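Participant: I would like the atomic coordinates for the input below:
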Amino acid sequence: MNDGAGQDDTRDESDDERADRNWAELLQELRVTQMGVQILTGFLLTLPFQQRFGELDPVQVNIYLCLVVLSVLATGLLVAPVSLHRMLFRKHLKARLVTSADRLARVGLVVLALVVTGTVLLIFDVVVGPGAAVAAAIGALVVFALLWVALPLALVRRARASDE
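Facilitator: Residues are numbered from 1 along each chain as shown. So this is what the prediction gives:
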């Protein structure tokens with residue numbers, strides 16, 4: 001059987017059992033990201049009510065508004081699998097649910113990385129200035145790219161190389 005990662009899996013499980021396991025694993029991952037993105041969105045939504053918000057220049061306000069939109073989008077993408085599950089519950093579509101939820105979660109993680117990077121940009125811009133803000137944002141984006149993309153790809157390559 002194929003686990004969707006391009007490698008044969010040696011587990012002795014049916015397609016339904018595999019879909020159930022994959023769904024449970026995905027839910028565990030989503031629990032972590034959902035909490036984080038919801039806290040970040042809540043933080044961003046409270047900023048206009050802070051005294052210093054009126055001191056932001058027009059560029060900072062535009063960055064802030066983009067961050068709110070991206071944060072709400074990330075929240076929607078990372079919570080959507082739960083809604084999908086509710087809509088598809090008992091319709092014998094678990095494999096489709098897992099595939100769709102996986103795609104939503106992947107896109108949600110990309111958007112989340114952009115929101116966190118943009119938040120770093122905005123905070124550094126307000127506190128230190130634009131030069132430091134750009135450097136810090138690039139640094140944050142590089143960290144996400146390394147940890148969330150390069151590291152998993154390297155682990156897959158190592159695993160495939162050791163299998164050969």
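Participant: For L65, see how far away T46 is.
Facilitator: Computed with C-beta to C-beta, to the nearest Å, the distance linking T46 and L65 is 15 Å. Just so you know, the C-beta spots here come from the backbone N, C-alpha and C atoms, and that holds for glycine as well.
Participant: Spell out the secondary structure type for F144.
Facilitator: Assigned with DSSP: H, G, I helix; E, B strand; the rest coil, F144 falls in the helix class.
Participant: Hmm, T117 and it touching each other?
Facilitator: Yes: at 6.9 Å, F144 counts as touching T117 under the criterion of C-beta atoms under 8 Å.
Participant: Look at these two and report which has more neighbours.
Facilitator: The residue with more neighbours, out of F144 and T117, is T117; 21 against 18, by other C-beta atoms under 10 Å.
Participant: For the most centrally placed residue in the chain, list the residues it contacts.
Facilitator: The centre of the chain sits closest to L109, judged by C-alpha atoms, centre = their mean, with a distance of 1.7 Å. When contacts are counted by C-beta atoms under 8 Å, 6 or more residues apart in numbering, L109 touches T33, L78, W148.
Participant: got the residues you listed as TSV, with pLDDT and distance to A154 columns?
Facilitator: Listed next are those as TSV, based on pLDDT from 0 to 100; distance: C-beta to C-beta, whole Å:
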residue	pLDDT	distance to A154
T33	91	22
L78	94	25
W148	95	12
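Participant: Among those, name the buried ones.
Facilitator: In terms of neighbour count (16 or more other C-beta atoms under 10 Å), the buried residues within those are T33, L78.
Participant: taking the contacts of L109 one by one, which sit in helices?
Facilitator: T33, L78 (DSSP state H).
Participant: hey, which helix is longest across this structure?
Facilitator: helix 94-127.
Participant: And that one, what's buried?
Facilitator: 94, 97-98, 100-102, 104-105, 108-109, 111-122, 124-126.
Participant: which stretches of this protein form strands?
Facilitator: When secondary structure is read from DSSP state E, the chain shows no strands.
Participant: Flag the shaky bits of it, pLDDT-wise.
Facilitator: Counting by pLDDT under 70, the chain has low-confidence residues at 1-9.
Participant: how does it look with 80?
Facilitator: Low-confidence segments of the chain (pLDDT under 80): 1-11, 164.
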